[in-house]
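**Student:** any chance you could fold what I've pasted below:
(chains A and B)
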There are 2 protein chains.
Amino acid sequence: MKPARLVVYVCFLKDATADVIPKMVHELMRLRVCESTDGHLVRLPELPGSLLIVPQATLGGRSKAGRLQYHGNACRAEAEALFAAFAEQCGVALQEKSAPDSGSVVLHGTYGSRQMLELESDGPGTSLLEF
Amino acid sequence: MKPARLVVYVCFLKDATADVIPKMVHELMRLRVCESTDGHLVRLPELPGSLLIVPQATLGGRSKAGRLQYHGNACRAEAEALFAAFAEQCGVALQEKSAPDSGSVVLHGTYGSRQMLELESDGPGTSLLEF
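**Tutor:** Have a look, this model is predicted:
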């Protein structure tokens, strides 16, 4: 079976602190958003399903006069540290909660780098979570 | 040159009316979010770049106790009509504003159907616009 995979785009705003990360990880692990082979919505750790985390500072943009401004985003150094902590805590949680033979891992992009993304989705569903 | 392409995920909430559609289309056409071949951010109609519109009712979900609820979404019949009007008005605007030989078109999914999405992105940027 091809692993089910969840893609998470993450952006930290100005007032974000490390306290928010365990809440994000908890929500991500308990949310029933992954489709199992029999069509039920299950939690990510219930599947042999890896998680891809994409740093996406553009999510914090506000449109003004035809351009996007990013005044509300955390500064780069802070966002980079928060992103690294989030990816690490997701890895620990997924390993703890998944079956030992699931082979599920956390994959992530590099904060601040331009990178390629390829995505193939059967019945795409995009959800928005704010913390 | 491979056409630059913008992917728009759209969800209509309960209080949405047809009045909002011209505002959405206007913003989409004027927003500098597309990268030209020389790396500048330009408006979609400035490129030979098609627009893909994906109906995405899941965007309206609110997380509650590990599940997503959709009480805030427009009902299916209304959302379907708004989606059709939005896709049509995008098509008209893109044709009006693009160069005649651009070959740019509006493509869209079918509201309420399960469908495949394949996406390949060089430096993905996700923006959030609320109307």
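
**Student:** up against chain B, what does chain A have?
**Tutor:** Residues of chain A lying near chain B by Cβ under 8 Å from any Cβ of the partner chain: A:9, A:27, A:30-33, A:41, A:43, A:54, A:56, A:58-59, A:61, A:63, A:66-68, A:114-129. In this view, the C-beta of every residue, glycine as well, is placed from N, C-alpha and C.

**Student:** now, of those residues, which are buried?
**Tutor:** A:9, A:30-33, A:43, A:54, A:56, A:58-59, A:61, A:63, A:68, A:117, A:124-126, A:129 (16 or more other Cβ atoms under 10 Å in any protein chain shown).

**Student:** among the residues of chain A next to chain B, which lie within helices?
**Tutor:** Of these, the ones assigned to helices by DSSP state H are A:27, A:30.

**Student:** out of the residues of chain A next to chain B, list just those in strands.
**Tutor:** Counting by DSSP state E, the residues of chain A next to chain B place A:9, A:32-33, A:41, A:43, A:54, A:63, A:67-68, A:116-122 in strands.

**Student:** tell me which two of those sit farthest apart.
**Tutor:** The two members of these with the most space between them (Cβ to Cβ) are A:43 and A:67, at 39.0 Å.

**Student:** got the confidence number for the residue nearest to residue A:67 when sequence neighbours are not counted?
**Tutor:** Closest residue in space to residue A:67, ignoring its immediate chain neighbours: residue B:32 at 5.4 Å, by Cβ to Cβ, 6 or more residues apart in numbering or on different chains. If you check residue B:32, the pLDDT there is 96.

**Student:** SS state for residue A:83?
**Tutor:** With DSSP: H, G, I helix; E, B strand; the rest coil as the basis, residue A:83 sits in helix.
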